[in-house]
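**Q** Test case, fold it:
(2 chains)
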There are 2 protein chains.
Amino acid sequence: MNTAPSQETTPSAGHWRSYGPLDLHPILMHAMRAFNEHGYHGTSVRDIAGRVGVTVPALYYHYENKQALLATLLETSIKDVLDRCRAAAREAGDDPLARFCGMVESIVLYMAHRRQLAFLDTEIRSLEPQNRARYVALRDYLEHMLLDTVEEGRAQGVFTTPIPADAVRSVLVMCQGVANWFREDGPLTAEEVAERHVLLSLGTVGHPAAVAGDVVLPFPRRTPPGRGAASRGSSG
Amino acid sequence: MNTAPSQETTPSAGHWRSYGPLDLHPILMHAMRAFNEHGYHGTSVRDIAGRVGVTVPALYYHYENKQALLATLLETSIKDVLDRCRAAAREAGDDPLARFCGMVESIVLYMAHRRQLAFLDTEIRSLEPQNRARYVALRDYLEHMLLDTVEEGRAQGVFTTPIPADAVRSVLVMCQGVANWFREDGPLTAEEVAERHVLLSLGTVGHPAAVAGDVVLPFPRRTPPGRGAASRGSSG
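**A** The predicted structure is shown next:
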């Protein structure tokens, strides 16, 4: 189906909180930007070739067609978020609260740092059935990882939601939404947005401390490079 | 800008929970379907005219261009959800908990019953600046209505979230998400999805009862027409 060069999907520094510049083949990078600006159906292979500065046949040498570009981008994206989420879960260990917090943090960091890739999730309707099935299977895997953790938390009385599957879906929807509204020059850093989403998500799954208003987040607060504590937005 | 026939934006039965068939001008109806299937940039005026069964000049008699179609659809959509949300808030009265629940219920019902219209929210990047500004202003108005209610609830100690603006945005993101995943032939009715989102949203804004797992929803449970209580999905 796809003659694409293989993509690095694991974080370069090996840590799920580390984000360098996005490292994509130039053809994929320009395809991603074109799909973001004009949508999948509004972008032609000729447009992408023009952006890259190659001929259409040269582009076809690397990618079979426009569909292969979208499928590769979406698969690169979901595999990266999945890898990071699993790393966060491993690091958190067995405690379901710590695991849940780490997983949500890792997903939101991804959505903020890789929003141009993550935004393509709105194009899954444009995937052909086989590609779509593969993408959806990976997304379902992420959902099940989170749901297993919430179910374990419920069994231990840490989370009280009576509708864990709905809660997990809503948490993932709100995390995915970050890719739509986050701006690098906005008032909050990716790290602050992630931290806030951990708190909001704890409420959604019914963690009592989230509601008592005295959550102690189970991961250290970090001041992102180049921002002092004074520049953090107020919580109101 | 726009020579479109005026659209009915208020619910026909006058009640925010009532949904009849979607009543749109045939040109708008076909434009909506085409945008859903192929995206705004992937749809031509010729495509839409072909679906309607009119000539391109006949279509231009009603709508100035493709942009006017998208702008009219999005404005019709946001005005309808806003009208319904205000009606729900009025019906709930002054109590912030009842208002919040009614507003969230009304928004989710809209997203489920009018998902083809609501899904076009993913196309706001395709609106020209003036149209986009008008749409975003109406969406911001909805957000502020909900935020005012959450702030009032915080003042009364009903909601405990320390980050009300973030909580409200997340609630709206999860409500909007319903337009993406809801299916009429899925396991839950629109009414059940709305009810569950009220519960989840209460957790997100930090309502203690949502976490204690014993919320009594402040609006009556209704069995939607044609579905018996036995067909309701289990909560697990």
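**Q** Can you verify my assumption that A:R51 contacts A:N36?
**A** No - with contact defined as CB atoms under 8 Å, A:R51 does not reach A:N36; the gap is 12.0 Å. C-beta coordinates here come from the backbone N, C-alpha and C atoms, glycine included.
**Q** and stretch A:56-75, what's its mean pLDDT?
**A** pLDDT averaged over stretch A:56-75 equals 96, rounded to a whole number.
**Q** List the buried residues in it.
**A** Residues of stretch A:56-75 classed as buried: A:59, A:62-63, A:66-75 (neighbour count, 16 or more other CB atoms under 10 Å in any protein chain shown).
**Q** how about CSV for these, with distance to chain B and secondary structure added?
**A** Below are these laid out as CSV (distance: CB to the nearest CB, whole Å; DSSP: H, G, I helix; E, B strand; the rest coil):
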residue, distance to chain B, secondary structure
A:L59, 20, helix
A:H62, 23, helix
A:Y63, 19, coil
A:K66, 11, helix
A:Q67, 13, helix
A:A68, 18, helix
A:L69, 15, helix
A:L70, 12, helix
A:A71, 17, helix
A:T72, 19, helix
A:L73, 16, helix
A:L74, 15, helix
A:E75, 20, helix
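**Q** tell me the phi and psi of the nearest residue to A:N65 once chain neighbours are set aside?
**A** By the measure of CB to CB, 6 or more residues apart in numbering or on different chains, the closest residue to A:N65 outside its immediate chain neighbours is A:V45, 7.1 Å from it. The main-chain torsion angles of A:V45 are listed as degrees, to the nearest 10 and equal phi -60, psi -30.
**Q** and what of A:Y19?
**A** Torsion angles at A:Y19 (phi, psi; degrees, to the nearest 10) stand at phi -130, psi 120.
**Q** repeat for A:T160
**A** Here the main-chain torsion angles of A:T160 (degrees, to the nearest 10) amount to phi -120, psi 0.
**Q** Burial check on it, number of neighbours?
**A** Other residues within reach of A:T160 by the criterion other CB atoms under 10 Å in any protein chain shown amount to 19.
**Q** Mind checking the pLDDT average for stretch A:164-182?
**A** Per-residue scores along stretch A:164-182 average to 97.
**Q** Same check on stretch A:28-43?
**A** So the average pLDDT for stretch A:28-43 ends up being 94.
**Q** Sort out which residues of that stretch are buried, please.
**A** Those buried within stretch A:28-43 under the rule 16+ other CB under 10 Å are A:28-32, A:34-36, A:38-43.
**Q** returning to that earlier point: which residues does the residue nearest to A:N65 contact?
**A** If a contact means CB atoms under 8 Å, 6 or more residues apart in numbering or on different chains, then A:V45 has A:V56, A:L59, A:Y60, A:N65, A:K66 as its contacts.
**Q** which of the buried residues of stretch A:28-43 sit farthest apart?
**A** By the measure CB to CB, A:M29 and A:H41 form the most distant pair in those, at 20.0 Å.
**Q** For chain A, give me the ranges with low pLDDT.
**A** Within chain A, the set of residues satisfying pLDDT under 70 comprises A:1-14, A:210-236.
**Q** now the helices for it?
**A** Assigned by DSSP state H, the helices in chain A fall at A:26-38, A:45-52, A:56-62, A:66-92, A:96-113, A:115-118, A:129-155, A:164-181, A:190-204, A:208-212.
**Q** Domain ranges for chain A, per the record?
**A** Domain ranges of chain A: A:23-63, A:67-217, per automatic domain parsing.
**Q** Return the most buried member of these.
**A** Ranked by mean neighbour count under mean count of other CB atoms under 10 Å in any protein chain shown, the domains of chain A are led by domain A:67-217, which reaches a mean of 20.
**Q** That one: how far from the chain's middle?
**A** The offset between the C-alpha centroid of domain A:67-217 and the centroid of the whole chain comes to 7 Å, using CA atoms, centre = their mean, to the nearest Å.
**Q** contacts with chain B among the buried residues of stretch A:28-43, please.
**A** Checked against chain B using CB under 8 Å from any CB of the partner chain, the buried residues of stretch A:28-43 give the following subset in range: A:H38, A:G39, A:Y40, A:H41, A:G42, A:T43.
**Q** Keep only those of those residues that are in strands.
**A** Secondary structure assignment by DSSP state E places none of those in strands.
**Q** Name the residues that touch stretch A:60-78?
**A** The contact list for stretch A:60-78, computed with CB under 8 Å, 6+ apart, reads A:1-5, A:7, A:9, A:24-25, A:27-28, A:31-32, A:35, A:40, A:43-45, A:48, A:114, A:117-118, A:120-121, A:123-124, A:126-128, A:131, A:134-135, A:138-139, A:142.
**Q** nope, stretch A:81-88 is what I meant
**A** When contacts are defined by CB under 8 Å, 6+ apart, stretch A:81-88 is touched by residues A:9-11, A:15-16, A:102-103, A:105-107, A:109-111, A:114, A:118, A:138, A:141-142, A:145.
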